[in-house]
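Chemist: Task: produce atomic coordinates for the following.
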Amino acid sequence: MPRYEYRCRTCGDTFELSRPMAESSEPADCPAGHGDTVKLLSTVAVGGSASAPAPRASGGGGGGGGCCGGGCCG
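Modeler: Below you'll find the predicted structure:
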């Protein structure tokens, strides 16, 4: 079952709940009993690579790149 992270707008605490995906947007009371909470975007849900591959330099003409969009800066 997925875990979702929430933040209480009243006390500022952050907490997690395990619940079905269908219930992820439903209201969640914080552990202190406050009902004004918001679901946070989890970094796990975003995922992906930590860094993008570096662009490759072209060895000849017509490849673009550089500070002038492929032209010669003079």
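
Chemist: Every contact and neighbour count from this point should use C-alpha atoms.
Modeler: Noted.

Chemist: Show me where this protein has its strands.
Modeler: 3-8, 14-18, 37-39 (DSSP state E).

Chemist: Tell me which of those strands approaches residue 26 most closely.
Modeler: strand 37-39 (9.1 Å; CA to CA).

Chemist: Which pLDDT value does the model give the residue lying closest to residue 8 once chain neighbours are set aside?
Modeler: Of all residues not flanking residue 8 in the chain, residue 37 sits nearest, at 4.3 Å (CA to CA, 6 or more residues apart in numbering). Looking at residue 37, its pLDDT is 94.

Chemist: Could you give me the buried positions within stretch 17-26?
Modeler: Using 16 or more other CA atoms under 10 Å as the test for burial, stretch 17-26 gives residue 24.

Chemist: Let me see the mean pLDDT of it.
Modeler: According to the model, stretch 17-26 has a mean pLDDT of 90.

Chemist: Restricting to C-alpha, output that stretch in CSV.
Modeler: Below are the C-alpha coordinates for stretch 17-26, written out as CSV (Å, rounded to 0.1, in the frame of the first residue of the first chain):
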residue,chain,number,x,y,z
LEU,A,17,-0.2,7.7,6.0
SER,A,18,-0.5,4.3,4.3
ARG,A,19,-3.7,4.3,2.2
PRO,A,20,-5.0,3.0,-1.1
MET,A,21,-4.4,5.3,-4.1
ALA,A,22,-8.1,5.9,-4.4
GLU,A,23,-8.1,7.6,-1.0
SER,A,24,-4.9,9.6,-1.5
SER,A,25,-6.7,12.9,-2.0
GLU,A,26,-9.2,12.4,0.8
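
Chemist: Among the strands of the chain, which comes closest to residue 31?
Modeler: Of those, nearest to residue 31 by CA to CA is strand 14-18, at 7.7 Å.

Chemist: Helices along the protein, start to end?
Modeler: 43-46 (DSSP state H).

Chemist: This completes my enquiry, with thanks.
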